[in-house]
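Undergrad: Just need the structure, nothing else, for what follows:
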Amino acid sequence: SRKDRSMSDSPPILSLLEARVLGTQEEKQRTVPDTYPLSLNTLVAGCNQKTSRHPVLEAGEPEILLALENLKELGLVSEVSGSRVVRFAHNFEKVLGVPTQASALLTVLILRGPQTAGELRLNCERLHKFADISAVEAFLEELAARSDGALVIELPRLPGARENRWSHLLSGQPAVESQAGGRGTAASSGQEIDELRSRVTTLEAEVAALREMLEQLLG
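TA: Reported below is the predicted structural model:
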């Protein structure tokens, strides 16, 4: 069972929602410290945010309470008593044994999915300001080479991409798109279809506008 897992042997394997709950707590502690530890309502809103989240979730209170129970079993979350509302705190850095810079990177990877070192530096701005991209890369390499279990992995470069992306390993090995641009995850192919549809809509609108201008010129 999860309770029997020794945290020192290897990193825990979390579900997408468990990781999202943990990442949301870490993010809110740094960006809106007055709300931390988080109430269940704040946590639900944070997990289901439409911005700075990929994928966007629509998790209900029962699902999030279940995720919190599992995280409590792993020692990653604790309930804070003493206020009228039950609040939840995380033990992210302590349990995983990572410094605040590294936990900022993990948080952004958990909340936003795979990113390049440059994207991570930008997206970490509110959690921790990295001096430059090489500082980000140094912490990523440290997280990838941990003797008690890697927490991040560098993904194979995608066709046409200039930089490699990084992914966290708290939910196990990520599904990797093949170099031929073939099979990825259902989620990534779904996202690609949405992006293509959006591009087509934009192009259609541009073509219609150009056609109208042309007709006016010819008319």
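Undergrad: pLDDT of stretch 212-219, averaged?
TA: Mean per-residue pLDDT for stretch 212-219: 77.
Undergrad: mind listing what's buried in that stretch?
TA: Using 16 or more other C-beta atoms under 10 Å as the test for burial, stretch 212-219 gives no buried residues. (Each C-beta comes from the backbone N, C-alpha and C, glycine too.)
Undergrad: quick one: the helices in the protein?
TA: Here the chain has its helices, by DSSP state H, at 16-31, 40-47, 61-73, 92-96, 100-112, 117-123, 133-144, 186-218.
Undergrad: Distance to residue 80 for the ones you listed - can I get that in CSV?
TA: Output for the helices of the chain, formatted as CSV (distance: least, C-beta to C-beta, whole Å):
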stretch, distance to residue 80
helix 16-31, 11
helix 40-47, 12
helix 61-73, 12
helix 92-96, 15
helix 100-112, 19
helix 117-123, 28
helix 133-144, 28
helix 186-218, 34
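Undergrad: what residue ranges in this structure score low on pLDDT?
TA: The model of the chain has pLDDT under 70 over residues 1-9, 176-192, 194-195, 198, 201-202.
Undergrad: same thing but at 90, please
TA: Applying pLDDT under 90 to the chain picks out residues 1-12, 81-84, 148, 157-159, 161, 174-219.
Undergrad: How about residue 58, nearest residue that isn't a chain neighbour?
TA: Computed as C-beta to C-beta, 6 or more residues apart in numbering, the closest residue to residue 58 that is not its neighbour in sequence is residue 48, at 5.8 Å.
Undergrad: Could you measure from that neighbour over to residue 63?
TA: Distance from residue 48 to residue 63, counting by C-beta to C-beta, to the nearest Å: 10 Å.
Undergrad: now residue 90
TA: Separation of residue 90 from residue 63 (C-beta to C-beta): 18 Å.
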